[in-house]
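Trainee: Just to be clear, the model below is a prediction. Sequence and coordinates:
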Amino acid sequence: QQQVKQSPQSLIVQKGGISIINCAYENTAFDYFPWYQQFPGKGPALLIAIRPDVSEKKEGRFTISFNKSAKQFSLHIMDSQPGDSATYFCAASSGDKIIFGKGTRLHILP
Amino acid sequence: SQTIHQWPATLVQPVGSPLSLECTVEGTSNPNLYWYRQAAGRGLQLLFYSVGIGQISSEVPQNLSASRPQDRQFILSSKKLLLSDSGFYLCAWASQGISNYGYTFGSGTRLTVV
């Protein structure tokens, strides 16, 4: 019940395309859903986050879509660029801990 | 502004040797502190977290331990390292309002046990 399931494990997208990463959760007590971006050899960095009372949040080329009834949320990266190549983690939180998905390794072809 | 420091950046240790990794946070008080481990190409495994001095919650039974001797200092230790302890160790902090700001991670320590 504490898990956050993330797919796909890896993703290859052409430059300029849309990258989509999906996540699902079970625990309805989660009240905060962040996405983290991690480059090789670096710590993850907060990219964008959403709360369950909002269905969509957009920041630049990054959009979170949130479906509370289905307990699913996704990250869309519009106009994907080679600099977006990284590992992306979805996560969910209630209380003092954040539970992470297993990550998606995204590679944008130039 | 708040900053998190983690050291060393890389470490090569023989099997059976002790370990001490340190993490400190500046610019905030009474943070929540976390230790995560990331195996090569894998996800983030929560090892320990602390909501105050001397308060440690362990998530995974293993030969590692954590301590919080000061408000903004978090230490990860082992008395005898195993090969399976190799990985990328990340410290993170969060304000008490975790659902407002999420975590901020340090730059990590790459530990190789040989």
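Mentor: Arrived safely, thanks for sending.
Trainee: Now residue A:10. Nearest residue, chain neighbours left out?
Mentor: Leaving aside its sequence neighbours, residue A:10 sits nearest to residue A:105 (CB to CB, 6 or more residues apart in numbering or on different chains; 4.5 Å). All C-beta atoms are positioned from the backbone trio N, CA, C, and that covers glycine.
Trainee: Pretty sure that neighbour sits in a strand.
Mentor: Yes: assessed by DSSP: H, G, I helix; E, B strand; the rest coil, residue A:105 belongs to a strand.
Trainee: contacting residues for residue 19?
Mentor: Just so you know, I chose chain A. A:11, A:13, A:75-77, A:80, A:84, A:106, A:108 (CB atoms under 8 Å, 6 or more residues apart in numbering or on different chains).
Trainee: not quite, I wanted chain B
Mentor: Contacts of residue B:19 (CB under 8 Å, 6+ apart): B:11, B:13, B:64, B:76-78, B:81, B:85, B:111.
Trainee: same check, this time on residue B:70
Mentor: Residue B:70 touches residue B:53, counting by CB under 8 Å, 6+ apart.
Trainee: what's the weakest-modelled helix or strand in chain A?
Mentor: Every helix and strand in chain A was compared by mean pLDDT, DSSP states H and E; the lowest is strand A:97-100, with a mean of 89.
Trainee: contacting residues around that strand?
Mentor: A:2-4, A:30, A:32, A:34, A:36, A:89-93, B:34, B:43-44, B:46, B:49, B:94, B:98, B:102-103.
Trainee: State the paired neighbours of that strand in the sheet, together with their directions.
Mentor: strand A:86-94 (antiparallel) (DSSP bridges).
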